[in-house]
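Q: pasting the sequence and the predicted model now:
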Amino acid sequence: MKEKITREEVAHVAGLAKLSFNDEQLDHFTTQLSDILNIFDTLATVNTENVEPTYSVTENVNILREDVADNWQQKQELLKNAPLEAAGLIKVPAILDEGEN
Amino acid sequence: MSNFETTIGLEVHVEMKTNSKLLSPSPVHFGSEPNENANAIDFGYPGVLPVANKGAIEFGMRVAMALHADITPFIRWDRKNYFYPDNPKAYQTTQSQTPIGTNGYIDITLDDGTVKRIGITEMHVEEDAGKNTHGTDGYSYVDLNRQGTPLIEIVSEPDLSSPEEAKAYLEQLRKVVQFTGVSDVKMQEGQMRADVNVSLRPYGSDTYGTKVEMKNINSFNYVYNALAFEEKRQARVLMSGGTIRQETRRYDEPTKSTILMRVKEGADDYRYFPEPDLAPIAISQDWIAEVAQSLPESANDRRQRYVSELGIEQYDADVLTQTMEMADFYDQAVTSGGEPKRVANYLIGDVNAYLNKNQVELPDTQLTPEHLAGMVKLIEDGTISTKQAKKVFEAIMVGEDPAEYAHQHGLVQLSDPAQLTPIINEILDNNPQSIEDFKGGKDRAVGFLIGQIMKATKGQANPGVVNKILMQALNER
């Protein structure tokens, strides 16, 4: 049976997730992901006409917070988890590509 | 000119001045110590429970209304996934599938006076990223104070066809947004940034050319320069038989050119998916009506009101509505009893000159609308002359009360006939020759007499009142 996803696609998705695999691992995940996608074929046989997509499993709507500022004063605690810190800033290896907004 | 038609689309991000962030109660404040205004939610720690800010949603609704957009009745949040150090969650919470507003527009006035309508595809409420500063030591330094600040993203249709139009659009958009009260739109603080897409196609072609993207430009002039450069560059490539690659470039101010950053292969892959941690938002007609009530009067409406109700010239009304600060100041000064035309003249003339000379903004000065109105009242009721007002003006610019200052410095016009009449009579008694000259038809005599009266009152006599009493006295003699 033809795989549902190509090795190249798996490598691409892995790249997006900042993961790198060797050839053996790529084969392994290509098979696994194909199996998962095959299950979707089974799911797709169910008639879902007139069924609203499920975006959330809760029924909650309009859970909102009033616009009131509250500074939790967590700076010192939060920075404890930073691998490196300098003058209150988190120090990370430079990334040359431009950031997104 | 050129054989090509330019197509420009702009995605503008504006930081909204809510008290707290989009998904956490951390304060939104520019200029604090690094990481001072960030909490565990902003840092994207596991297990945190973000809750959306009602104020940010309402600000988004205001912008949608001001841009004549349809407000989406049911909004869900989406995650846009990407890795970057200023984005600790590794995704941005946005509204890709259900933007808060769709199908809006903005009218821009071009240099030749024609009005062009620019379509606005959609608006999203989303969160800003933190700030990443590259060091020279191979490290970057991350400050997450800005992380989670609510943004309104405004996506235009590709309706703009020149750098001039793009600049006019940005200026008008800045004004419209500012008058909704959701942002001060300070460019120098990065409160408004534009992502620019530009492509060229031969005239008559029905498909767009390949577009080049430039991100995060925070000055209108830079946008203009970048587009002007790209127009030329792309035309040159096309005319020499080349093809434009889909690429991201950046604007370089020193050389006023754009520089290649990376070639894009295929579309960006952000793997959007529904945000499971936030409840969807249902926007009722009642809620829309309530927010509409809180929407401040637009620049356009104010301009028209100044002309039709306050009798201000069209041009002056334009100047007064350039910024919300100025328009608010003007409204308050008029409400405080300042005569509308004279208040307008002072703001457009002396106040603007002062701001330009000192390179400051109106809120940086000590001037209050009440003081300006107070000075104008002193002029209107004859207490001080316009000449004396020059000194009072200097004083109110540094926070002095106009009436007190005028009083303390003897800057009051002598307008009381009971005080002026004896002085005038004395001068007439001492100058019989002038009375003779006047009777003989020499008008020059009047000028001489007024000069004497002014001298006797140290220049404080109200010229209008003096003139009236003097003429009466002369005719009676």
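A: Here it is on my side, so go on. Just so it is clear, the model here is predicted, and its values are computed rather than measured.

Q: name the SS class of whichever residue of the stretch 1-150 of chain B sits closest to chain A, please.
A: Using C-beta to the nearest C-beta, residue B:55 is the residue of the stretch 1-150 of chain B that sits closest to chain A, at 2.7 Å. For every residue, glycine as well, the C-beta is placed using N, CA and C. Assigned by DSSP: H, G, I helix; E, B strand; the rest coil, the conformation of residue B:55 is helix.

Q: residue B:18 is in contact with that one, correct?
A: Yes - counting by C-beta atoms under 8 Å, residue B:18 is a contact partner of residue B:55 at 4.7 Å.

Q: any common contacting residues for those two?
A: Counting by C-beta atoms under 8 Å, 6 or more residues apart in numbering or on different chains, the residues touching both residue B:55 and residue B:18 are residue A:67.

Q: show me what contacts the residue nearest to the spatial centre of chain B?
A: Central residue of chain B (C-alpha atoms, centre = their mean): residue B:323, 3.5 Å from the mean position. When contacts are counted by C-beta under 8 Å, 6+ apart, residue B:323 touches B:175, B:178, B:362.

Q: got the phi/psi numbers for it?
A: Residue B:323 has phi and psi values of phi -130, psi 150 when expressed as degrees, to the nearest 10.

Q: pLDDT at it, what is it?
A: Looking at residue B:323, its pLDDT reads 92.

Q: count the neighbours of the residue of chain A found nearest chain B for me.
A: In chain A, the residue found nearest to chain B is residue A:67; the distance is 2.7 Å by C-beta to the nearest C-beta. Using other C-beta atoms under 10 Å in any protein chain shown, residue A:67 is surrounded by 20 other residues.

Q: same thing with residue B:71?
A: Residues near residue B:71, counting by other C-beta under 10 Å, number 19.

Q: related to what we said a few turns ago, once you drop chain neighbours, what's closest to the residue of the stretch 1-150 of chain B closest to chain A?
A: Spatial nearest neighbour of residue B:55, chain neighbours left out: residue A:67 (2.7 Å); criterion: C-beta to C-beta, 6 or more residues apart in numbering or on different chains.

Q: pretty sure that neighbour is in contact with residue B:21, am I right?
A: No - counting by C-beta under 8 Å, residue A:67 does not reach residue B:21; the two are 9.6 Å apart.

Q: Three-state assignment for the residue nearest to residue B:55, please.
A: Under three-state DSSP, the three-state class of residue A:67 is coil.

Q: who are the contact partners of it?
A: B:18-20, B:53-56.

Q: distance of it from residue B:238?
A: 50 Å (C-beta to C-beta, to the nearest Å).

Q: cool, residue A:35 as well?
A: 48 Å.

Q: neighbour count winner among these two?
A: Neighbour count, other C-beta under 10 Å: between residue A:35 and residue B:238, residue B:238 has more, with 18 against 12.

Q: could you see whether chain A lies near the one helix or strand the more buried one maps to?
A: Assigned by DSSP states H and E, residue B:238 falls within helix B:220-239. No - on the criterion C-beta under 8 Å from any C-beta of the partner chain, helix B:220-239 is out of touch with chain A, staying 14.6 Å away.

Q: export that helix as CSV, just CAs?
A: Extracted in CSV, the C-alpha atoms of helix B:220-239 (Å, rounded to 0.1, in the frame of the first residue of the first chain):
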residue,chain,number,x,y,z
PHE,B,220,6.2,56.0,6.9
ASN,B,221,9.2,57.5,5.1
TYR,B,222,11.0,54.2,5.3
VAL,B,223,8.0,52.4,3.8
TYR,B,224,7.9,55.1,1.0
ASN,B,225,11.7,54.7,0.3
ALA,B,226,11.6,50.9,0.4
LEU,B,227,8.7,50.8,-2.1
ALA,B,228,10.3,53.4,-4.3
PHE,B,229,13.5,51.4,-4.4
GLU,B,230,11.6,48.1,-5.0
GLU,B,231,9.6,49.6,-7.9
LYS,B,232,12.8,50.5,-9.7
ARG,B,233,14.7,47.3,-8.8
GLN,B,234,11.9,44.9,-9.9
ALA,B,235,11.3,46.9,-13.1
ARG,B,236,15.0,46.6,-13.9
VAL,B,237,15.0,42.8,-13.3
LEU,B,238,11.9,42.3,-15.4
MET,B,239,13.0,44.6,-18.3
